[in-house]
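**Q** give me a model of this one.
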Amino acid sequence: MLQVKNVCVRYPNGTRALSDFSITVKTGEFVTVLGGNGSGKTTLLRCITRTVKPSSGEIWVNGSEMTEIEGEPLRRARLNLALISQHASLVRRRNVLANVATGSLGRHFNLWTALGGLPSEELEAGRNYLGKVGLASLEAQRASTLSGGQAQRVAIARALAQKPQVLLADEPVASLDPEAANEVMRLLVDLATNGRLAVLCVLHQVDLAYAYAHRVIGIRRGRVAFDRERADVSRAEIEQLYVGEPA
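**A** The predicted model follows:
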């Protein structure tokens, strides 16, 4: 479902952020990415979403090669991808259901939706997505009243409203307490295994990767250090990812 093939990213100052980088995430897989600050994790996600264009290589998402398209074809191809960030970034003055339904607006781009309108069918679908993340009872609640864990689950429901095939998560539990973090991780695993999504999750918390990942990818200095099943990755290998990396 997601394939990154021999991707290189070189910035104008000559810095290489990724070098000959290749990974694959299949439907039903929950894959975590570990690495120190500056190792290339964020650049990888930006390449996949095409907010950064690779210097070379290919990125395939649901059968579309992302690196050579622009404009409307790129916008359509991006609908197959949804990104969850560290911060939920909800519209605080709107209720939970309205926030979820905004995830569908890539399919409904017109003047009415640009002014804040939401299609009734997407509001109904949003109730289903809220049920999937365990928050059906909060649909009328203002987003500003949610806890951090609740807000992140609403952000996941909003991502589901986009109807993606690939779900990207960029440190989705970094600002959550341990209980809320585990709730979000369990939800992401369920979306992969039972929701049949390909889920790629960047983490800093090694213990969470060990607890939940199907597969672990280690990045060091822009290269794949290892890419193996969780049970086959040692703590010593993970520690090496952070040796000599910037703090």
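**Q** and the strands in the chain, which stretches?
**A** Assignment of strands within the chain using DSSP state E yields the ranges 2-10, 16-25, 30-34, 56-61, 64-65, 81-84, 166-170, 198-202, 215-220, 223-229.
**Q** make a markdown table out of those strands and add mean pLDDT.
**A** Converted to a markdown table, these look like this (pLDDT from 0 to 100):
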| stretch | mean pLDDT |
| --- | --- |
| strand 2-10 | 95 |
| strand 16-25 | 94 |
| strand 30-34 | 97 |
| strand 56-61 | 95 |
| strand 64-65 | 92 |
| strand 81-84 | 95 |
| strand 166-170 | 96 |
| strand 198-202 | 97 |
| strand 215-220 | 96 |
| strand 223-229 | 95 |
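**Q** show me the domain layout of this structure.
**A** 1-80+165-247, 88-163 (automatic domain parsing).
**Q** how far does the shortest one stretch from start to finish?
**A** Yep, that's domain 88-163 we're talking about. Terminal residues of domain 88-163 lie 18 Å apart, using C-alpha to C-alpha, to the nearest Å.
**Q** kindly report the same for stretch 160-174.
**A** Stretch 160-174 stretches 21 Å from its first residue to its last (C-alpha to C-alpha).
**Q** quick one: the helices in the protein?
**A** In the chain, the segments counted as helices under DSSP state H are 41-48, 71-78, 96-101, 111-114, 120-132, 148-161, 178-193, 206-212, 235-241.
**Q** mind exporting the fifth one as CSV, just the C-alpha atoms?
**A** As requested, C-alpha coordinates have been extracted for helix 120-132 and formatted as CSV (Å, rounded to 0.1, in the frame of the first residue of the first chain):
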residue,chain,number,x,y,z
SER,A,120,-25.1,16.2,6.0
GLU,A,121,-24.0,12.8,4.8
GLU,A,122,-20.5,13.5,6.1
LEU,A,123,-21.9,14.4,9.5
GLU,A,124,-23.7,11.1,9.6
ALA,A,125,-20.6,9.3,8.6
GLY,A,126,-18.7,11.2,11.3
ARG,A,127,-20.9,9.6,13.9
ASN,A,128,-19.6,6.2,12.8
TYR,A,129,-16.0,7.3,13.0
LEU,A,130,-16.6,8.7,16.5
GLY,A,131,-17.9,5.3,17.4
LYS,A,132,-14.8,3.7,16.1
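**Q** low pLDDT regions in the protein?
**A** Scanning the chain for pLDDT under 70 picks out 110-115, 244-247.
**Q** now do 80
**A** Under the criterion pLDDT under 80, the flagged ranges of the chain are 106-119, 244-247.
**Q** about what we covered before: mind putting the domains of the chain in TSV, mean neighbour count included?
**A** Every C-beta, even on glycine, is put in place using the N, C-alpha and C of the backbone. Converted to TSV, those look like this (neighbours: other C-beta atoms under 10 Å):
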stretch	mean neighbour count
domain 1-80+165-247	18
domain 88-163	18
